[in-house]
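Trainee: got a predicted structure plus its sequence, pasted below:
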Amino acid sequence: MLRTRTRTRPEFLMTRTRYIYISKIMFRYNIHFYVILIPLCFSLKYLPETSIKEELSIGSFITTLTDKIPNLDQSDAYDLVSTSNDLDLFSINHTQQTIIVKKRIDFEQLCVEKHICNCKHCLIYTNIAVSNLLTIDVYTLPIHIINIDDNKLYFNINRTVIEIEENISPTSHLYFPLPMAIDDDFDSQITYELYTANWQPTTLFRLINSTATKINKKNIQLGYDNSSSSSLYLEPLKSFDREQQYIYLMRLVAKSGLYQTSTDIVVLITDVNDNVPQCDQSNYKISINSMNDNNITRITAYDLDQGENARIVYTIVNQHIYPNNLFTIDQINGNIKFTYKNWTSYLDDFTNENSTNNLFQLKINLTDSGKPNQLSSECVVELEFTSVLDIVIHLHEHLITNET
């Protein structure tokens with residue numbers, strides 16, 4: 001048996017020896033084997049990093065191999081070496097001796113979804129095997145994938161309704177959560193701006209980003225999704241009066257790179273019981289020319305509040321001094337009714353401290369149904385009997401504000 005020795009090249013990083021057996025068989029009586037051991041050397045080398053942007057079209061040029069691998073033209077063969085976790089993103093154009101894009105390259109899929117590379121510096125390692133007569137050299141080419149602004153910005157809701165109670169002082173520093181835009185690009189920088197419905201800057205509210213501005217978490221209100229997980233907030237800069245304006249239409253604009261999007265913000269000013277019910281007129285004059293029971297007049301009142309805060313209940317405060325329910329009032333609609341039968345029964349005795357020379361007064365209380373506090377006022381109705389069948393009513397409005 002013959003053996004040959006070879007020296008390992010100092011530039012090789014790794015050496016493997018594969019033996020090629022050459023045999024010669026002689027038949028008849030003796031068989032002789034002649035074995036020559038020929039070493040096949042293997043090396044691994046690293047090439048300088050090259051960079052490409054994500055989302056290049058299929059077949060796009062990446063780099064020329066002859067610029068990176070020496071004596072490539074003199075090699076027997078070369079190609080990409082596949083591994084078990086190879087993404088198969090690239091291929092070699094042997095005609096032009098270049099590496100080209102084989103499949104779609106999505107930065108977010110590589111680093112965010114599959115965690116194949118570091119999102120801060122995404123590198124995909126490609127191995128190129130170059131074989132000669134007695135050597136196989138494997139060149140590792142790091143390809144840096146550059147993230148681009150290729151995903152559109154969007155909100156996952158079209159409209160957000162925020163309710164703010166009227167009369168709240170801006171010094172309360174209340175924060176109302178707002179929706180945040182979504183950008184599927186990695187590490188995108190999103191900025192926000194607030195406008196009125198006709199795209200004018202607003203001085204009524206301001207945007208607060210809790211990542212940049214320290215806020216009191218106790219002042220965060222429940223948001224559109226009944227949570228306070230957002231880091232973007234709306235802060236009122238004034239006290240609002242619902243009776244002057246109860247709705248404000250705003251547009252929240254998000255910007256990132258080349259893209260921008262917007263969503264509607266509807267601010268509703270909710271009511272508190274801060275208005276006293278009032279009569280709509282100061283004078284009433286009505287004559288009764290019938291012996292039948294009649295509605296003398298209707299006390300029409302108004303309350304600028306809303307809902308239960310504006311529902312008025314009518315009562316005659318001094319009804320007890322007029323016997324037998326001579327005058328009654330409908331608590332809901334304010335109709336005052338005069339009962340002629342009761343009038344004739346007590347006509348002779350109808351002079352008292354509230355009636356002098358056939359002139360007397362009805363004190364009408366107006367009370368709203370607000371909670372927790374109710375507001376009220378009084379109207380004084382002056383009635384003058386010109387005859388048994390004629391009554392002239394003179395209504396003077398006196399507002400007496402009370403909290404009951």
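Mentor: Now that the structure is in, tell me what you want to look at.
Trainee: tell me how many other residues crowd the closest residue to residue 75 other than its chain neighbours.
Mentor: Nearest residue to residue 75, sequence neighbours excluded (C-beta to C-beta, 6 or more residues apart in numbering): residue 130, at 4.8 Å. C-beta here means a position set from N, CA and C on the backbone, and glycine is covered the same way. Residues lying near residue 130 (other C-beta atoms under 10 Å) number 22.
Trainee: residue 130 and residue 68 touch, don't they?
Mentor: No. Contact criterion C-beta atoms under 8 Å: residue 130 and residue 68 do not qualify, at 10.9 Å.
Trainee: mutual contacts of these two, please.
Mentor: Shared contacts of residue 130 and residue 68 (C-beta atoms under 8 Å, 6 or more residues apart in numbering): residue 139.
Trainee: what separation do you get for the nearest residue to residue 298 once chain neighbours are set aside and residue 302?
Mentor: Closest residue to residue 298 apart from its sequence neighbours, by C-beta to C-beta, 6+ apart: residue 335 at 4.9 Å. Residue 335 sits 16 Å away from residue 302, going by C-beta to C-beta, to the nearest Å.
Trainee: more crowded one of the two?
Mentor: The neighbour count for residue 335 versus residue 302, taken as other C-beta under 10 Å, is higher for residue 335 (16 against 13).
Trainee: run through the bridge partners of residue 127.
Mentor: Per DSSP bridges, the residues bridged to residue 127 are residue 81, residue 140.
Trainee: so how many other residues sit close to it?
Mentor: Close neighbours of residue 127, defined as other C-beta under 10 Å, add up to 15.
Trainee: about what we covered before: pLDDT value on the residue nearest to residue 75, please?
Mentor: Listed pLDDT for residue 130 reads 94.
Trainee: buried sites along the helix or strand harbouring residue 255?
Mentor: Residue 255 belongs to strand 247-256 when elements are defined using DSSP states H and E. Across strand 247-256, burial judged by 16 or more other C-beta atoms under 10 Å covers 248, 250, 251, 252, 253, 254, 255, 256.
Trainee: can you check stretch 54-74 too?
Mentor: So, applying 16+ other C-beta under 10 Å, buried residues of stretch 54-74: 54, 56, 62, 63, 65, 69, 72.
Trainee: what segments of the stretch 251-400 of the chain are strands?
Mentor: Using DSSP state E, counting those that start in this stretch, the strands assigned to the stretch 251-400 of the chain run over residues 259-270, 278-279, 294-298, 301-302, 312-316, 327-329, 335-338, 355-356, 359-368, 375-385, 391-396.
Trainee: residues in contact with the fourth one?
Mentor: Read it as strand 301-302. Contacts for strand 301-302 (C-beta under 8 Å, 6+ apart): 277, 278, 279, 280, 310, 312, 314, 334, 366, 379.
Trainee: now the helices for the stretch 101-250 of the chain?
Mentor: Remark: helices assigned in the stretch 101-250 of the chain by DSSP state H, counting those that start in this stretch are 107-108.
Trainee: low-confidence regions, the chain specifically.
Mentor: Residue ranges of the chain with pLDDT under 70: 1-40, 84-85, 223-230, 282-294, 323, 340, 342-360, 385-404.
Trainee: how is it divided into domains?
Mentor: Listed domain ranges for the chain are 44-146, 159-270, 278-403 (source: automatic domain parsing).
Trainee: tell me which of these sits nearest to residue 152.
Mentor: domain 159-270 (5.2 Å; C-beta to C-beta).
Trainee: on that earlier part again, out of the buried residues of stretch 54-74, flag the one nearest to residue 233.
Mentor: residue 54 (34.0 Å).
Trainee: and that closest one, how far from residue 154?
Mentor: 20 Å.
Trainee: what's the answer for residue 192, then?
Mentor: Taking C-beta to C-beta, one finds residue 192 at 14 Å from residue 154.
Trainee: who touches both of those two?
Mentor: With C-beta under 8 Å, 6+ apart, residue 192 and residue 154 have common neighbours residue 181.
Trainee: chain center to stretch 202-219, what's the gap?
Mentor: 15 Å (C-alpha atoms, centre = their mean, to the nearest Å).
Trainee: how long is that stretch end to end?
Mentor: End-to-end distance for stretch 202-219: 22 Å, by C-alpha to C-alpha, to the nearest Å.
Trainee: just give me the residue right at the centre of this protein.
Mentor: The centroid of the chain falls nearest to residue 179 when counting by C-alpha atoms, centre = their mean (1.1 Å).
Trainee: wait, doesn't residue 72 sit right on residue 78?
Mentor: Yes. Using C-beta under 8 Å, residue 72 is in contact with residue 78, at 6.4 Å.
Trainee: who touches both of the two?
Mentor: 65, 130.
Trainee: dump the residue contacts of residue 88.
Mentor: 82, 102, 103.
Trainee: what subset of those is buried?
Mentor: Buried residues within the contacts of residue 88, counting neighbours by 16+ other C-beta under 10 Å: residue 102.
Trainee: distance check, the nearest residue to residue 148 once chain neighbours are set aside against residue 143.
Mentor: Nearest residue to residue 148 in three dimensions, chain neighbours excluded: residue 53, at 5.3 Å (C-beta to C-beta, 6+ apart). With the distance defined as C-beta to C-beta, residue 53 ends up 11 Å from residue 143.
Trainee: who has more neighbours, these two?
Mentor: residue 143 (21 against 14).
Trainee: wouldn't the more buried one be in contact with residue 127 here?
Mentor: No. Applying C-beta under 8 Å, one finds residue 143 not in contact with residue 127, separated by 11.4 Å.
Trainee: strands along the stretch 51-200 of the chain, start to end?
Mentor: Going by DSSP E, counting those that start in this stretch, the stretch 51-200 of the chain shows strands at 61-64, 77-81, 90-93, 98-101, 122-131, 135-146, 159-165, 176-177, 191-196.
Trainee: format those as JSON lines; extra columns: distance to residue 216.
Mentor: Formatted as JSON lines, the strands of the stretch 51-200 of the chain follow (distance: least, C-beta to C-beta, whole Å):
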{"stretch": "strand 61-64", "distance to residue 216": "53"}
{"stretch": "strand 77-81", "distance to residue 216": "59"}
{"stretch": "strand 90-93", "distance to residue 216": "54"}
{"stretch": "strand 98-101", "distance to residue 216": "52"}
{"stretch": "strand 122-131", "distance to residue 216": "40"}
{"stretch": "strand 135-146", "distance to residue 216": "42"}
{"stretch": "strand 159-165", "distance to residue 216": "17"}
{"stretch": "strand 176-177", "distance to residue 216": "14"}
{"stretch": "strand 191-196", "distance to residue 216": "21"}
